[in-house]
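Peer 1: Below are the sequence and a predicted model; questions follow.
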Amino acid sequence: MPSAPRPGQGRAPRWPLAPGAGSTRMRPRAPREASPHCQEHRLDRASPDRSATEAAPERVKAWRFTTDGLPESARRGAWREVMANLRLPLADTPGAERFDGEVACLTSPLGMDFALMQAGPQVISGRNANQPAAVWLVVLLAGEASLTFDGATEALRIGDIAYGRTGLDAALRMSTPFRLLFISAPRVALDHRLIAPLSLGVGRLRGDTGLGQVFSGLLTATANALATLTSDQLRPVELALTEFLVANLAAEDSPAALGGADAARAAHFHRVCQTIETLLAEPALSLGRVAAADGISPRSLQKLFAAAGQNFSTYLRTRRLERCRLDLASPTCASLSISEICFRWGFNGSAHFSRTFREQYGVSPSEFRRKAALAS
């Protein structure tokens, strides 16, 4: 298996700064502690020939770190601070050789962290008490690594995807210089698509065959283009990431996706959920309408939802709310009123929408939109 180039040799392009942009010390979200060697930049990725009449591009919150310029005696300690900032419990950076490391991190509008890193051999192991409820993904881009969980160790090949829920014991060992993409997705962005989210454990998805190969290709392409993406361009990546993860877990017969049901029933439920996604905009969408689209009886569809521990009405409302939440946070929908957004996803009244939105997310649609605009 080929080894990754040492950081500094054949390095990926550095995170670009906006023309004229200055840098400040990173001000991460609590409870992270900022490393003195990290920088936060507000990236403006407008093309040089952008017309002055066009809307200003969205600004992206991102930061990067490199050990370049640090004395050897300070490198491992600084790297440990950066890993703590990513809430990754670094167990060891073995070897007496010079240590090199580099990270470029971007936080999406929905709170997903995308961190592209390359560094020398190390072990990430244990639990971090400051980790929020999230699901993490790692796709190995170069180097040799292994994943240890449930008392077993599996080798990771280039393109393989490791995944897990925060709070579970696991160890990721990079035995050579490596390059990988680390993603941390808040559980709130995934739980509604998993039948049994608390059953999600730690595992590996093969990146060289079937649906796993397609998923790996998406994550690899995201890693290679990360430095040029705007946060608005990351929005479809976020949506695709959720769907691909759920589909891959179903293909792997994961309890999180299957909820203890047999694979055929879980696959059927997943297919029904996809049908609902295509029909969300219909205000009169009903159990009977979805059943007819799927070619089964309404009673059979009710049983399918019951077996998954859900009911049709609650699931439909949750999906509509989530779609509205995404649009409220998206700059591309900034010209739409809150009423227009709720109507385009099937709600019949803005007052009812506002009430259910607040019940679901603990904040009004207008306040959520205001905070999303400030964070972008």
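Peer 2: Right, received. Where do you want to start?
Peer 1: so the spatially closest residue to P186 that is not a sequence neighbour, which of the three states?
Peer 2: Closest residue in space to P186, ignoring its immediate chain neighbours: G111 at 4.9 Å, by CB to CB, 6 or more residues apart in numbering. C-beta coordinates here come from the backbone N, C-alpha and C atoms, glycine included. Under the three-state scheme (DSSP: H, G, I helix; E, B strand; the rest coil), G111 adopts coil.
Peer 1: Buried by neighbour count: which residues of stretch 226-244 qualify?
Peer 2: Within stretch 226-244, the residues scored as buried using 16 or more other CB atoms under 10 Å are 226-227, 229-232, 234-235, 237-239, 241-242, 244.
Peer 1: related to what we said a few turns ago, show the model's pLDDT score for the residue nearest to P186.
Peer 2: Residue-level confidence at G111 comes out at 79, pLDDT.
Peer 1: Same question for Q39.
Peer 2: So Q39 comes in at 46 (pLDDT).
Peer 1: how many neighbours does G151 have?
Peer 2: Residues within reach of G151, counting by other CB atoms under 10 Å, total 6.
Peer 1: so who does the residue nearest the centre of the chain touch?
Peer 2: Nearest residue to the geometric centre of the chain (CA atoms, centre = their mean): A185, 3.8 Å. With contact set as CB atoms under 8 Å, 6 or more residues apart in numbering, A185 has these partners: M112, A134, V135, W136, L137, E238, L241, T242.
Peer 1: Not counting sequence-adjacent ones, nearest residue to the first one?
Peer 2: Counting by CB to CB, 6+ apart, the nearest residue to M112 once its immediate chain neighbours are dropped is A185, at 4.9 Å.
Peer 1: Give me the sheet partners of the strand or helix carrying the one you found and which way each runs.
Peer 2: Taking DSSP states H and E as the definition, A185 sits inside strand 178-186. Here strand 178-186 has these sheet partners by DSSP bridges: strand 113-119 (antiparallel), strand 134-142 (antiparallel).
Peer 1: where does the stretch 201-350 of the chain have low pLDDT?
Peer 2: For the stretch 201-350 of the chain, residues meeting the criterion pLDDT under 70 lie at 231, 251-264, 266-267.
Peer 1: which stretches of it form strands?
Peer 2: For the stretch 201-350 of the chain, the strands defined by DSSP state E, counting those that start in this stretch cover 203-205.
Peer 1: mind listing the helices for it?
Peer 2: In the stretch 201-350 of the chain, the segments counted as helices under DSSP state H, counting those that start in this stretch are 210-225, 231-251, 255-258, 263-279, 287-294, 298-307, 312-329, 338-344, 350-361.
Peer 1: Point out the most buried one among these.
Peer 2: Greatest average neighbour count among these goes to helix 255-258 (a mean of 23), per mean count of other CB atoms under 10 Å.
Peer 1: Okay, strands next: where are they in the stretch 1-150 of the chain?
Peer 2: Assigned by DSSP E, counting those that start in this stretch, the stretch 1-150 of the chain shows strands spanning 24-25, 39-44, 59-66, 90-92, 101-107, 113-119, 122-125, 134-142, 145-149.
Peer 1: Throw those into a markdown table and include distance to A78, thanks.
Peer 2: Formatted as a markdown table, the strands of the stretch 1-150 of the chain follow (distance: least, CB to CB, whole Å):
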| stretch | distance to A78 |
| --- | --- |
| strand 24-25 | 14 |
| strand 39-44 | 13 |
| strand 59-66 | 8 |
| strand 90-92 | 12 |
| strand 101-107 | 8 |
| strand 113-119 | 12 |
| strand 122-125 | 13 |
| strand 134-142 | 22 |
| strand 145-149 | 22 |
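Peer 1: Pick out the shakiest of those strands, pLDDT-wise.
Peer 2: Note on these: strand 24-25 shows the lowest mean pLDDT, a mean of 32.
Peer 1: how close does the nearest residue to G101 once chain neighbours are set aside get to A84?
Peer 2: The shortest distance from G101 to any non-neighbouring residue, by CB to CB, 6+ apart, is to A119 (3.4 Å). Plainly put, A119 is 15 Å away from A84 if you go by CB to CB, to the nearest Å.
Peer 1: what about the two, which has more around it?
Peer 2: A119 (26 against 16).
Peer 1: Could you report the distance from the more buried one to G95?
Peer 2: According to CB to CB, A119 and G95 sit 12 Å apart.
Peer 1: anything in contact with each of these two?
Peer 2: Joint contacts of A119 and G95 (CB under 8 Å, 6+ apart) do not exist.
Peer 1: hang on, the earlier thing: could you export the contacts of A185 as CSV, including distance to S366?
Peer 2: Output for the contacts of A185, formatted as CSV (distance: CB to CB, whole Å):
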residue, distance to S366
M112, 24
A134, 27
V135, 29
W136, 32
L137, 33
E238, 23
L241, 28
T242, 26
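Peer 1: Count the residues that sit near N311.
Peer 2: 12.
Peer 1: Pretty sure it sits against F305.
Peer 2: Yes: using CB atoms under 8 Å, N311 is in contact with F305, at 5.5 Å.
Peer 1: Next, the contact list for the nearest residue to F368 once chain neighbours are set aside, please.
Peer 2: Once flanking residues are discounted, F368 sits nearest to L328: 5.7 Å by CB to CB, 6+ apart. For L328, the contacting residues are I338, I341, P365, F368, R369, A372, by CB under 8 Å, 6+ apart.
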